[in-house]
Every structure is written in structure tokens, then in C-alpha cells.
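Trainee: sharing a model that was predicted from the sequence below.
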Amino acid sequence: MAQQCDDLVVAGVITASEPSWIAPFTGLSPCQFGMLMTALRREGIDRPGKGRPWALPLEDRVLLVAVYWRTNLTLRQLALLLGISKSTADRVVDHLGPKLALHQRKRFRKDTVLIVDGTLVPTRDHAVAERSKNYRYSTNHQVVIDTDARLVVVVGRPVTGNRNDCRAWQLSGAKAAVGTARVIGDAGYRGTGVLVPHRRERGQGELPDWKHEHNTSFRRVRVRVEHVFARMKTWKILRDCRLIGDGVHHAMLGIARLHNLTLAGKPGTTRRPRTLQDHLRDNP
């Protein structure tokens, strides 16, 4: 039995050379995984560096990081799955995680409409997290998506979870990243220049019917960012992140890139809904 365990560690269990392992462990199809590898090689990720060569080829190292984000297994468990040591798995995650980060969009067309919202990521590193409304130490991540394509275009730097979205929008750098593009958000962004739903002022009676109609249209559009969060959190590291320092930020950026990769090839992701046109026409 001991000999069999040793053979298992040496040989590993999963590998990117076997396409059947990719989808269950990463959420990417083999075709999407191949597209990711092509993009990474164009970025020069596979260039030889100084020191000892890696124990795994680039495909397996990318697989390791994707599996880590997707399953939130411990590094010791991942090491057994790929037939390497725990320290090697740790180095792969630290080295390759930042290189998988989303290339955030810097320019936007004049007619671009974006949606912003914040999401809390429970984080065990208390140096970068604080107790938040989910009663756990968390970080607040401001995520901006393209309304038409539903792709993530900007992810702000994490702030402590006790910061509200109105403050985190500016502190995270997300506000500066979108520039003058039109952005919509929920009522938590009042006073920030973000387009928010109508709200009763103090001493005011019920909202008129036309404002209720606008708010209904607004909610139907803004819910898209909630759907993005639901898809991104299928990568379970965003439910309980054990990484320290900038690790949670790198994981968020990397998962945003993987989310975009899984969504970009789906039909119907670039169609502008009629409700959005109506809302923006009535709210110039």
C-alpha cells in the first residue's frame, strides 16, 4: 500500500494532457483552456528564466492554479493530485497567479454603459480584512462589467469589508479606472456620480408611476452584475480565501479573466436589451 501511495505521488492524478480532467476541475472546456494557453504564451509566460526549471510543464501549472481557485483545496491536496511537493505547489500559485490577471480595459466608447457593484470575499488574512455585514472578516471588491457583453472590465483593489460601496468605489481605484464612462449602480452609490434608481426624499410622498417604471427597468439591467458574481463564485476560493497579502486580489483578477473566457464564446452575450435603451433615453 505504501508503495502504491508513493507511485501515486510520483505519477500524479490529473494532468492537462488528458482533456477529460480540465472541465470538471477548472470550469473551462478543453477548447477554452487551449485559448488561455495560447494567450499566455503570447504574453511570454513560458519564457525560460533563471534557476531550476519547473517540475511541471506550463499547461499543468496553469491547471494547478485554476484547480486551486475552482475547488479551494489545500496546497497539500493539490500537490498529491499533480504529483509534486507542497512547497512546489505553493511556489507555482505565488508565481503564476498574478500572471493570470485580467487585462483591465482602459478605454471605453462614448456609448458604453457599465454596471458597478461590490462583493464581499471572506478572507483569513486579517491584515487586509475587517468584519463586515456577513459577520466574517472580508474584503470588499468593486467589480465593473460591460452592460452589453456582461464581461468584467475593471476590478478595483480590495478594501476592508467594513467599507461601504460608496467609499470603496473611490478607494479601490475603480472610479478612476472607468474615467468618464456612464456607470449605473444601486442606491449605495448615491452622491458618487453613478446613475442610481429614484428614491423618495425626506417628506416626499409616494414616487410617481413613471419613476416606478424607471426603477423596474433599472433593476432588470443592474441584476446582470449579480449574475456575474454568482458565476465568479463558482470558483470556491472566493467563498473562503486562505491567501495572504495581495493573494486575494490576484485571485479576483484571475477569476475575472476565466469568467470572461467562459462567457465570451456564448451566443447572445453582446445583445443590448430594450429595457436599457428605454431607461437611458428617459434619463439622459
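Mentor: Here it is on my side, so go on.
Trainee: C-alpha only now, for contacts and for neighbours.
Mentor: OK.
Trainee: where along the chain do the helices fall?
Mentor: Using DSSP state H, the helices of the chain run over residues 2-11, 22-26, 30-42, 58-71, 75-82, 86-96, 165-171, 174-178, 209-232, 247-264, 274-282.
Trainee: export those to TSV and tack on distance to residue 199, mean neighbour count and mean pLDDT?
Mentor: Conversion of the helices of the chain to TSV gives the following (distance: least, C-alpha to C-alpha, whole Å; neighbours: other C-alpha atoms under 10 Å; pLDDT from 0 to 100):
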stretch	distance to residue 199	mean neighbour count	mean pLDDT
helix 2-11	60	12	45
helix 22-26	42	18	90
helix 30-42	43	15	93
helix 58-71	39	21	95
helix 75-82	48	19	92
helix 86-96	46	17	94
helix 165-171	16	20	94
helix 174-178	23	18	94
helix 209-232	9	16	89
helix 247-264	32	22	95
helix 274-282	16	13	46
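Trainee: a markdown table for these, including distance to residue 238?
Mentor: Shown next, in a markdown table, are those (distance: least, C-alpha to C-alpha, whole Å):
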| stretch | distance to residue 238 |
| --- | --- |
| helix 2-11 | 28 |
| helix 22-26 | 14 |
| helix 30-42 | 21 |
| helix 58-71 | 8 |
| helix 75-82 | 16 |
| helix 86-96 | 15 |
| helix 165-171 | 18 |
| helix 174-178 | 19 |
| helix 209-232 | 8 |
| helix 247-264 | 8 |
| helix 274-282 | 30 |
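Trainee: hey, where'd the strands end up in the stretch 101-250 of the chain?
Mentor: Using DSSP state E, counting those that start in this stretch, the strands of the stretch 101-250 of the chain run over 113-122, 130-131, 137-146, 152-155, 159-160, 182-184.
Trainee: coming back round to it: which of the helices of the chain sits closest to residue 152?
Mentor: Among the helices of the chain, helix 247-264 comes nearest to residue 152, with 6.2 Å by C-alpha to C-alpha.
Trainee: chain center to that closest one: distance?
Mentor: Offset of helix 247-264 from its chain centre (C-alpha atoms, centre = their mean, to the nearest Å): 4 Å.
Trainee: dump that helix to CSV, restricted to CA.
Mentor: Output in CSV follows, covering the C-alpha atoms of helix 247-264 (Å, rounded to 0.1, in the frame of the first residue of the first chain):
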residue,chain,number,x,y,z
GLY,A,247,-3.3,37.0,-3.0
VAL,A,248,-7.0,37.7,-2.8
HIS,A,249,-6.6,40.5,-5.3
HIS,A,250,-4.7,38.3,-7.7
ALA,A,251,-7.3,35.5,-7.3
MET,A,252,-10.1,38.0,-8.1
LEU,A,253,-8.4,39.3,-11.2
GLY,A,254,-7.5,35.8,-12.4
ILE,A,255,-11.1,34.5,-11.9
ALA,A,256,-12.4,37.6,-13.7
ARG,A,257,-10.3,36.6,-16.7
LEU,A,258,-11.5,33.0,-16.5
HIS,A,259,-15.1,34.2,-16.2
ASN,A,260,-14.7,36.3,-19.3
LEU,A,261,-13.2,33.4,-21.2
THR,A,262,-16.1,31.1,-20.3
LEU,A,263,-18.7,33.7,-21.2
ALA,A,264,-17.2,35.3,-24.4
